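# Provided below are the primary sequence and the corresponding predicted coordinates.
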Amino acid sequence: QVQLVESGGGLVQAGDSLRLSCAASGRAFSRYVMGWFRQAPGKEREFVAAISRSGSTTYYADSVKGRFTISRDDAKNTVYLQMNSLKPEDTAVYYCAADPRWAVPEKTMTAYGYWGQGTQVTVSS
């Protein structure tokens, strides 16, 4: 099993940057595909980005492609989401997710068995 704790959220202005972190406890972090999802008020949770076990493959939602970057540091048991050029529509609670079953990144919520508690990101215009 793995426990996930997100951090790095906050209130920023449009155009600013934030880096979210997701620290994992437990063993064998390198065996987990990692993903970021977000949920805005009144909306369903949606895929943001995902990274393979090796870190060599990444997927992004079209809405964040070119602005967000997912990365992982297995020595620190941490996955990051670097968010640049933030927009008010990026406002949401951001969740980290993990699963050991897949070799490639997954874009669907049901593919992930482990979730963090979320961190709030608010982008003002």
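Everything's here; your move. Numbers count the residues shown, from 1 in each chain.

# Could you check how far residue 3 is from residue 63?
29 Å (C-beta to C-beta, to the nearest Å). Backbone N, C-alpha and C define where each C-beta goes, glycine included.

# Can you show me the strands along the protein?
Using DSSP state E, the strands of the chain run over residues 3-7, 10-13, 18-25, 33-39, 46-51, 58-60, 68-73, 78-83, 92-99, 114-115, 119-124.

# which of those strands is buried the deepest?
Counting by mean count of other C-beta atoms under 10 Å, strand 33-39 has the highest mean neighbour count of the strands of the chain, with a mean of 25.

# okay if I get the strands of the chain as CSV plus distance to residue 108 and mean pLDDT?
As requested, the strands of the chain are exported to CSV (distance: least, C-beta to C-beta, whole Å; pLDDT from 0 to 100):
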stretch, distance to residue 108, mean pLDDT
strand 3-7, 18, 97
strand 10-13, 28, 98
strand 18-25, 18, 97
strand 33-39, 9, 98
strand 46-51, 7, 98
strand 58-60, 11, 97
strand 68-73, 16, 98
strand 78-83, 18, 98
strand 92-99, 10, 98
strand 114-115, 13, 98
strand 119-124, 21, 98
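
# Nearest to residue 105 among those would be which one?
strand 46-51 (3.3 Å; C-beta to C-beta).

# contact partners of the closest one?
33-39, 57-61, 64, 68-72, 79, 81, 94, 105-109 (C-beta atoms under 8 Å, 6 or more residues apart in numbering).

# For it, which strands pair with it and how are they oriented?
Its sheet considered, strand 46-51 pairs with strand 33-39 (antiparallel), strand 58-60 (antiparallel) by DSSP bridges.
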